[in-house]
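Visitor: fold the stuff below for me.
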Amino acid sequence: MGETFLPFFVLAAQSSHRQATFRKTVVAHLLVLTACTGFLINGQITSALLGHLLLVAGIVEGAALIGWRLTQLPKSRALEFLLVSSLKPGRVLIAEAFVGLSQLALVIAAGLPLLIFLVVEGKLLALDLFVLAILPFTWGMITGLGLTAWAFEPFVIRRWAERGTLALVILYLGFGVIVGEHLYELARGLPKDIGVLFINTFEGFHLYNPFGLMDFWMKQAPVVALERMLWVEAASLGGGVLLLIRAAGRLKGHFHERHYRPVADVSQKGRDRIDDRPLSWWAVRRVQEYSGRINLWLAAGFGLAYAAYTVAGPHWPAWMGCRVFEFFEYAGGIPGIAAALMVLAAVPAAFQYGLWDSTVQDRCRRLELLLLTRLDAHDYWHAAASAAWRRGRGYFMTAVLLWLAATLAGKIDVAAMIATFAAGVLLWSLYFTLGFRAFSRGLQANMLGILLTIGLPLSAYGLHRAGWTNLASLVPPGSVYRTAAGSMPWEWLAGSILAGTLTLILARSTLRRCDAELRRWYAQNHGRGIVN
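Guide: This is a model prediction of the structure:
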């Protein structure tokens, strides 16, 4: 087994691209942890919030280091040489997964000195180090392997799984959010066994998810929380192993489905018109393969319920729950949730899903064809914008719905709503412009996307918690939040002017130099033996 895995680790160590991604991930992890350490020392955040932020960081890092790498493997035809060798296909994926897991473990280990410092300062217990390391690692592993297993599943299974998940989302929103604290009263009206099962299911979902477990550990003595932690951690690791086995078993089948599926007659099926922008049509269809509808359904469903609660105000029916909405009101209300939705809407714009290719070789092959056509910078711009808008428009519309609800409820006036909408548009435009600039220059968009969609929101939150609200308003996510939260006009205006000016300058410069930079990148990288 060691002889099988060793070449994969050697290849990862020799790959300049993978090493650069690893180093940037370590730096980003340390920056987030350093900021959290300062806030915890000054009493501006709690140890539970520190745990939640590290958990989010671990999930994102697992998706980047494990999920991204593994899901791109079947896209390369070079994998076929490994699949026909004596090396079993499942071992190929397991070996690559172990490389990603090792990198994730090293990233988390890089933050241990700062956590030890917090133990010495009395802000954490010694056993907290174990939880703050193992939980982010475990759920980063589950995220990366879960994304891989989902991507490798046949289309029919994914479609039916989405339908089942939609039903679960409806149940969760209907009972867990709208009914809320009246859930026990509803359960008492059911047969005893069914009622007990109903309550235990919902309690288990809320108590035994990673964030609930982290919160329970930080607020209880280790003696009380240790047993629950060990049981849930064992079950989580077991789930990760099952995901790895499933993904390994599907690697060869997914590769064949992707490259050798029979040609089907789709002439009778409806599809979007190509018109005179074939690149835009192709980019939109490309991002629809994994459209992320489940997350959108959850966000849109909760946004609709929250908007109804906001508009109803004191007229909200007594039999419907309100404690969940009151919690979100305390945590930031519509300004905070709408700002988060705007960041989610800008994720496809920052990462450039529509035009970006996972490897240098794939990008060279695509540019080899595109650069022979009459396509110019505006065609690339339109294609990238169309794909990004198609993926992010649902979150954008949900944020607009919340702003309209706040206006109807009298929480913000019409002028503030218009200003907030403008700040949201500028955020999306700036993120798209920066992402497209990275695309045209041949820079990997992953780390830039993480910086824009996680780093900047955390920076705005940290500045706000530190009392530097004026500086927080200069950061695009902070500008969206502060505008809806009722800040003084000059505060949000300064951030909007800065974002708008930067967007215009970068957009003009990028469009002018896009074609030349694409050709320069192609000339520098075409035909090179690059280890990815």
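Visitor: just the pLDDT for residue 180.
Guide: Note on residue 180: pLDDT of 62.
Visitor: equivalent analysis for the one 10 residues further on, please.
Guide: In the prediction, the pLDDT value recorded for residue 190 is 67.
Visitor: same check, this time on residue 492
Guide: 65.
Visitor: go on, residue 485?
Guide: 76.
Visitor: counting by contacts, list what whichever helix or strand residue 149 is part of packs against.
Guide: Element membership for residue 149, per DSSP states H and E: helix 126-152. When contacts are defined as 3 or more Cβ pairs under 8 Å, 6 or more residues apart in numbering; DSSP states H and E, helix 126-152 sits against helix 47-62, helix 68-72, helix 89-110, helix 112-120, helix 210-219, helix 222-260. For glycine as for every other residue, the C-beta is placed from the backbone atoms N, C-alpha and C.
Visitor: how far does that helix sit from the chain's center?
Guide: Centroid separation between helix 126-152 and its chain, computed with Cα atoms, centre = their mean, to the nearest Å, is 14 Å.
Visitor: now whichever helix or strand comes after that helix against helix 126-152, angle please.
Guide: Tracing the chain C-terminally past helix 126-152 and defining elements by DSSP H and E, one meets helix 155-171 next. When axes from the mean of the first three to the mean of the last three Cα atoms, to 10 degrees is applied, the directions of helix 155-171 and helix 126-152 differ by 130 degrees.
Visitor: and helix 155-171, what's buried?
Guide: Neighbour-count burial for helix 155-171 flags residue 169 (criterion: 16 or more other Cβ atoms under 10 Å).
Visitor: now do that helix against helix 222-260, angle only.
Guide: On the basis of the same axes, to 10 degrees, helix 155-171 is oriented at 140 degrees to helix 222-260.
Visitor: need the residues that contact helix 155-171.
Guide: Helix 155-171 has contacts (Cβ atoms under 8 Å, 6 or more residues apart in numbering) with 150, 153, 293, 294, 297, 298, 301.
Visitor: helix or strand with the lowest mean pLDDT in the protein?
Guide: helix 183-188 (a mean of 67; mean pLDDT, DSSP states H and E).
Visitor: mind saving the C-alpha coords of the next helix or strand after that helix as PDB?
Guide: Scanning forward in sequence from helix 183-188 by DSSP H and E, the next helix or strand is helix 192-207. Output in PDB follows, covering the C-alpha atoms of helix 192-207 (Å, rounded to 0.1, in the frame of the first residue of the first chain):
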ATOM      1  CA  LYS A 192     -47.200   8.500  21.000                       C
ATOM      2  CA  ASP A 193     -44.600   6.500  19.100                       C
ATOM      3  CA  ILE A 194     -44.700   8.700  16.100                       C
ATOM      4  CA  GLY A 195     -44.600  11.800  18.200                       C
ATOM      5  CA  VAL A 196     -41.500  10.700  20.100                       C
ATOM      6  CA  LEU A 197     -39.800   9.700  16.900                       C
ATOM      7  CA  PHE A 198     -40.700  13.100  15.400                       C
ATOM      8  CA  ILE A 199     -39.300  15.100  18.300                       C
ATOM      9  CA  ASN A 200     -36.200  13.000  18.600                       C
ATOM     10  CA  THR A 201     -35.400  13.400  14.900                       C
ATOM     11  CA  PHE A 202     -35.600  17.200  15.100                       C
ATOM     12  CA  GLU A 203     -33.700  17.400  18.300                       C
ATOM     13  CA  GLY A 204     -31.000  15.100  16.900                       C
ATOM     14  CA  PHE A 205     -30.700  17.300  13.800                       C
ATOM     15  CA  HIS A 206     -30.200  20.400  15.900                       C
ATOM     16  CA  LEU A 207     -28.000  18.900  18.700                       C
END
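Visitor: contact partners for residue 422?
Guide: Taking Cβ under 8 Å, 6+ apart, one finds residue 496 in contact with residue 422.
Visitor: give me every residue that touches the residue nearest the centre of the chain.
Guide: By Cα atoms, centre = their mean, the chain has its centre lying nearest to residue 60, at 6.6 Å. Shown in contact with residue 60 (Cβ under 8 Å, 6+ apart): 140, 450, 454.
Visitor: between those residues, which sits nearest residue 43?
Guide: Of all these, residue 454 has the smallest distance to residue 43: 23.9 Å, by Cβ to Cβ.
Visitor: skipping adjacent residues, who's closest to residue 409 in space?
Guide: Spatial nearest neighbour of residue 409, excluding adjacent residues (Cβ to Cβ, 6 or more residues apart in numbering): residue 310 at 4.9 Å.
Visitor: does the one you found touch residue 334 like I think?
Guide: Yes - assessed by Cβ atoms under 8 Å, residue 310 is found in contact with residue 334 at 6.5 Å.
Visitor: more crowded one of these two?
Guide: Neighbours were counted for residue 310 and for residue 334 using other Cβ atoms under 10 Å; residue 334 has more, 26 against 22.
Visitor: that one and residue 277, how far apart?
Guide: 36 Å (Cβ to Cβ, to the nearest Å).
Visitor: got it, and residue 14?
Guide: Applying Cβ to Cβ, the value for residue 14 to residue 277 is 41 Å.
Visitor: sec struct for residue 307, please.
Guide: helix (DSSP: H, G, I helix; E, B strand; the rest coil).
Visitor: tell me the pLDDT at the spatially closest residue to it that is not a sequence neighbour?
Guide: In space, and not counting its chain neighbours, residue 307 is closest to residue 405: 3.7 Å by Cβ to Cβ, 6+ apart. You'll see residue 405 listed with a pLDDT of 90.
Visitor: please apply the same query to residue 427.
Guide: Listed pLDDT for residue 427 reads 92.
Visitor: so it sits against residue 478, correct?
Guide: No - counting by Cβ under 8 Å, residue 427 does not reach residue 478; the two are 10.0 Å apart.
Visitor: ok, those two, which is more surrounded?
Guide: residue 478 (31 against 28).
Visitor: burial count for residue 222?
Guide: Neighbour number of residue 222 under other Cβ under 10 Å is 14.
Visitor: so where is the stretch 351-500 of the chain shaky, pLDDT-wise?
Guide: 358, 445, 486-492 (pLDDT under 70).
Visitor: please repeat the previous calculation with a cut-off of 80.
Guide: Low-confidence segments of the stretch 351-500 of the chain (pLDDT under 80): 353-363, 365, 442-447, 462-470, 485-495.
Visitor: for it, what spans make up the helices?
Guide: Listed in chain order, the helices found in the stretch 351-500 of the chain under DSSP state H, counting those that start in this stretch are 360-370, 377-408, 414-441, 445-450, 456-465, 469-474, 476-484, 489-525.
Visitor: turn the ones you listed into TSV, including distance to residue 234.
Guide: As requested, the helices of the stretch 351-500 of the chain are exported to TSV (distance: least, Cβ to Cβ, whole Å):
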stretch	distance to residue 234
helix 360-370	40
helix 377-408	35
helix 414-441	40
helix 445-450	30
helix 456-465	31
helix 469-474	41
helix 476-484	37
helix 489-525	46
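Visitor: go through the ones you listed and pick out the most buried.
Guide: helix 476-484 (a mean of 30; mean count of other Cβ atoms under 10 Å).
Visitor: run the angle between that helix and helix 377-408 for me.
Guide: Per the same axes, to 10 degrees, the angle that helix 476-484 makes with helix 377-408 is 30 degrees.
Visitor: tell me how far helix 476-484 lies from the chain's centre.
Guide: 20 Å.
Visitor: looking at it, residue 368 is touching residue 519, isn't it?
Guide: No - using Cβ under 8 Å, residue 368 is not in contact with residue 519; the gap is 11.2 Å.
Visitor: determine which of the helices of the stretch 351-500 of the chain approaches residue 240 most closely.
Guide: Proximity to residue 240 (Cβ to Cβ) singles out helix 445-450 among the helices of the stretch 351-500 of the chain, at 22.3 Å.
Visitor: hey, C-alpha coordinates of the closest one in CSV?
Guide: Extracted C-alpha coordinates of helix 445-450, given in CSV (Å, rounded to 0.1, in the frame of the first residue of the first chain):
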residue,chain,number,x,y,z
ALA,A,445,-9.4,31.8,-9.2
ASN,A,446,-9.7,29.5,-6.1
MET,A,447,-7.7,31.5,-3.6
LEU,A,448,-9.0,34.8,-5.0
GLY,A,449,-12.5,33.5,-4.6
ILE,A,450,-11.9,32.4,-1.0
